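> build the 3D model from these lines:
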Amino acid sequence: MILWNIDMTADDPTLQMILIMSGIRTALIGIIVIVFEWRALVGHWRLKRPARKSTMDVN
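Model (predicted):
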């Protein structure tokens, strides 16, 4: 019964549009999360690096 309902709605353009939009939304959210996680990780690495001495330092 459930398979019959899925088969009948497979050609429904509304369902296809919903699936496409949800896939696009998932991809965009994933990209945003990856970018912010990468920035946080790079920032974490930069904090652990020793500070460079400036050429203006006398000591």
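> helices or strands up against the host helix or strand of Ala27?
Element membership for Ala27, per DSSP states H and E: helix 13-48. Applying 3 or more C-beta pairs under 8 Å, 6 or more residues apart in numbering; DSSP states H and E, we find helix 13-48 packed against no helix or strand. To be clear about C-beta, it is placed using only N, CA and C from the backbone, and glycine gets the same treatment.
> would you mark the buried spots in that helix?
For helix 13-48, the neighbour count (16 or more other C-beta atoms under 10 Å) marks no residue as buried.
> pLDDT of that helix, averaged?
The pLDDT scores in helix 13-48 average 87.
> residue contacts, Thr26?
With contact set as C-beta atoms under 8 Å, 6 or more residues apart in numbering, Thr26 has no partners.
> how much space is there between it and Leu19?
Separation of Thr26 from Leu19 (C-beta to C-beta, to the nearest Å): 11 Å.
> for Val35, same thing?
25 Å.
> kindly report the same for Ile29.
16 Å.
> now swap in Val33 and tell me
21 Å.
> do Asp11 as well
From Asp11 to Leu19 the distance is 13 Å (C-beta to C-beta).
> same check, this time on Gly30
Taken as C-beta to C-beta, the span from Gly30 to Leu19 is 16 Å.
> and Ile34, by the same measure?
22 Å.
> do Glu37 as well
From Glu37 to Leu19 the distance is 27 Å (C-beta to C-beta).
> now swap in Ile32 and tell me
Counting by C-beta to C-beta - Ile32 and Leu19 are separated by 21 Å.
> same deal with Gly43?
Gly43 is 36 Å from Leu19, by C-beta to C-beta.
> cool, and Ala40?
Ala40 sits at a distance of 32 Å from Leu19 (criterion: C-beta to C-beta).
> swap in Asp12?
10 Å.
> likewise Val42?
Distance from Val42 to Leu19, by C-beta to C-beta: 35 Å.
> host element of Asp11?
Going by DSSP H and E, Asp11 is not in any helix or strand.
> any idea how many residues pack against it?
By other C-beta atoms under 10 Å, 8 other residues sit near Asp11.
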